[in-house]
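got a predicted structure plus its sequence, pasted below:
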Amino acid sequence: MYNLTDFQHPRDNQFASEIMNSAVTKNILDNLHKTNLESLYIYLYKSSCPQLTEKTAPELFNLLVKACNMFGLKKIPQVFVTRNYDERVSALGVNEPFLVFSSEYLRKLNGDMLFGVLAGQVAAILCQHHTILYLTWGIDFASGLIPGGSLVVAPMINNWKRCRYFTYDRAFCLATKNRALALRQVLVNVLPADILDNMKIGLPQDNFIAQVDKFMNNVAADTAQVGFRKVITMFSEKDWLPERYSEINKFCDERRI
Amino acid sequence: MKRKILRGLQVSEFIHLDELRNKRRALNNSAVQNALAQAEQWCQMAVDPLTQGTFVQIHESNSPVLNQISREVCKILDVEKIPDIYICHLMNVSIFPIGTDSGESYLIVPDYILRHNDEDMLYYNFGNAVTMIKADHVGLSTLASYMPGGSIFVDVPKLLFTAYLHSADSTSDRGGLLACQSLAAAARCQFFDLGIPPSQSKKFFTTDAEAETFIENYLVAHKKTMENYSSIMTQAARFVQRMVYLEAPPNKMLSELFEWYKAPEGYHAVMSKSR
């Protein structure tokens, strides 16, 4: 069984701690609870997303149980699907976390790829990501009521949102012990399968490496670009694919995967 | 399908006349021009990390088909520099260029169209996007996509730019048709934008002649429907649509492209000029 420190990325841990240890956070969580927005939040998902069960999705549940055992999550989370082209999967909920998969994303996953992704979400629950996502929903909800409110809180939240993927990727690597597959899952939701196959991910002739190197070198060399990247980072929660790619490689090198 | 190479093709041969007029109106001021030049520079710096960081570049080795189509389209439209192509995960029905007119421009291909569009349609999509580069639409359209909205102080001045962008869209649609050289494929793309999947529109028409009849009937029916909505509120809604949306209403785009296809000085004239 793995410990939190085995898979939680230090940057995820740092940003998550900053968010969760802030006095404002406690205040917001208390208010969300008092005003019963907690139930609204859960209702929003559970009322509109069909639930998957052991009967309707046996492969997924077998793998989820395996991932929970591997990472020490005692309660098997409920799983829902939603029709959303952009989303992937998220651990949501308040006291009883549950997973919401986009049907579009789920369609692309099976076997070890699905197992790795589920492991990532089990890690998310263990790292309390569902609580932070709930909190960010509350902040978004509240800041939407104040003009310009989201501009103030977005940078802090987006920084964390991007770094959480490093944790999922690490859990993926530990669960599957397959570096090439972990690298492939970074791009699985971006590229059609035929192009992804041609990318030769994880092999010596890996097609994505040139872009990864270019991105990481630009970031290191060009200060103006670093500045702009930081600005964009503030207002976009999108994960940087090359950064995830190189973090996976670093982690697999350390762990000899 | 064998396509004609339009050697020496100039944008002036197929530009929508409103584009020239709206461009003059939007940019006929040195302060605006200077501000745009500065903003374009910042934009380029922002576009580079975004493109490299969130999209995936394709090459001949990972997508020989897309690579071949983009090369062929550049050849047909007489565009010398073949832009880099990136794929992104997006539910969008057209390829869009991002970058600046003076610097680098990239073509962004949403994965959604790769699942739905056939080869002829991809020629239209690439032709449309490459025309935007050839006709210098990229800087302003990239910039406009980053402009904030939702406030009357921004949206009213933005109207000048959206009027230009809407007419520029008509020009790039014409470029798309010149690249694919199939009215049926262009119409499938336009109807996809209106919500009809290509697999469905293929049941309605396959040849150019069938597409002509279908579009004609569709536009008559649409016009008839719109006659029932001529209240002041509809006019107001149209104004807001023109002001807020960066893309022109798809029905208008279809009708304008079809008009140009039928016009004596339109599509067939440009095609016959090239040897």
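Now that the structure is in, tell me what you want to look at. Note that the structure is predicted; figures quoted are calculated from it, not measured.

low-confidence ranges, chain B, go.
Applying pLDDT under 70 to chain B flags the ranges B:145-160, B:243-244, B:274-275.

give me that answer again for 90
Within chain B, the ranges that satisfy pLDDT under 90 run B:1-2, B:17-52, B:98-105, B:136-168, B:223-252, B:273-275.

need the residues of it near chain A, please.
Within chain B, the positions near chain A by Cβ under 8 Å from any Cβ of the partner chain are B:42, B:45-46, B:48-50, B:52-59, B:61-63, B:87-91, B:111-112, B:114-115. Where C-beta positions appear, they are placed from N, C-alpha and C, glycine not excepted.

out of these, name the ones that lie in helices.
B:42, B:45-46, B:48-50, B:52-54, B:111-112, B:114-115 (DSSP state H).

any of the residues you listed buried? List them.
B:Met45, B:Ala46, B:Asp48, B:Pro49, B:Leu50, B:Gln52, B:Gly53, B:Thr54, B:Asp111, B:Tyr112, B:Leu114 (16 or more other Cβ atoms under 10 Å in any protein chain shown).

redo those residues as JSON lines? Include distance to A:Leu40.
Conversion of these to JSON lines gives the following (distance: Cβ to Cβ, whole Å):
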{"residue": "B:Met45", "distance to A:Leu40": "41"}
{"residue": "B:Ala46", "distance to A:Leu40": "36"}
{"residue": "B:Asp48", "distance to A:Leu40": "41"}
{"residue": "B:Pro49", "distance to A:Leu40": "37"}
{"residue": "B:Leu50", "distance to A:Leu40": "34"}
{"residue": "B:Gln52", "distance to A:Leu40": "39"}
{"residue": "B:Gly53", "distance to A:Leu40": "35"}
{"residue": "B:Thr54", "distance to A:Leu40": "32"}
{"residue": "B:Asp111", "distance to A:Leu40": "34"}
{"residue": "B:Tyr112", "distance to A:Leu40": "32"}
{"residue": "B:Leu114", "distance to A:Leu40": "38"}
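
residues in contact with B:Asp101?
The contact partners of B:Asp101, taken as Cβ atoms under 8 Å, 6 or more residues apart in numbering or on different chains, are B:Glu40, B:Asp136, B:His137, B:Val138, B:Gly139, B:Leu140.

tell me which of those residues is nearest to chain A?
B:Glu40 (13.4 Å; Cβ to the nearest Cβ).

tell me how far B:Phe14 lies from B:Lys23.
Distance of B:Phe14 to B:Lys23, computed by Cβ to Cβ, to the nearest Å: 15 Å.

which one's more surrounded, these two?
Set side by side, B:Phe14 and B:Lys23 show more neighbours around B:Phe14, with 25 against 22, by other Cβ atoms under 10 Å in any protein chain shown.

the more buried one contacts B:Arg174, doesn't it?
Yes: the pair B:Phe14 / B:Arg174 is scored as a contact, 4.6 Å apart, by Cβ atoms under 8 Å.

find residues that contact each of those two.
Joint contacts of B:Phe14 and B:Arg174 (Cβ under 8 Å, 6+ apart) are B:Trp260.

residues in contact with residue 119?
I'll assume chain A. With Cβ under 8 Å, 6+ apart, A:Ala119 has these contacts: A:Ala67, A:Met70, A:Phe71, A:Ala171, A:Phe172, A:Leu174, A:Ala175, A:Thr176.

ah, I was thinking of chain B
Counting by Cβ under 8 Å, 6+ apart, B:Glu119 touches B:Val65, B:Ile69.

what's the neighbour count on residue 142?
With no chain named, the answer covers chain A. Neighbours around A:Ala142, by other Cβ under 10 Å: 16.

was after chain B, sorry
23.

nearest residue to A:Ala119 other than its sequence neighbours?
Of all residues not flanking A:Ala119 in the chain, A:Ala175 sits nearest, at 3.4 Å (Cβ to Cβ, 6 or more residues apart in numbering or on different chains).

just the pLDDT at the one you found, thanks.
Looking at A:Ala175, its pLDDT reads 97.

in the stretch 1-150 of chain A, which residue sits nearest chain B?
For the stretch 1-150 of chain A, Cβ to the nearest Cβ, closest residue to chain B: A:Tyr85, 4.1 Å.

and chain A, which residues reach chain B?
Counting by Cβ under 8 Å from any Cβ, the positions of chain A adjacent to chain B are A:85-86, A:187, A:189-192, A:195, A:198-199, A:207-208, A:210-211, A:214-215, A:218-219, A:224-225, A:228-229, A:231-232, A:236, A:238-243.

which of the residues you listed are buried?
Among these, those classed as buried by neighbour count (16+ other Cβ under 10 Å) are A:85, A:187, A:189-191, A:195, A:198-199, A:207-208, A:211, A:215, A:218-219, A:225, A:228-229, A:232, A:236, A:238-243.
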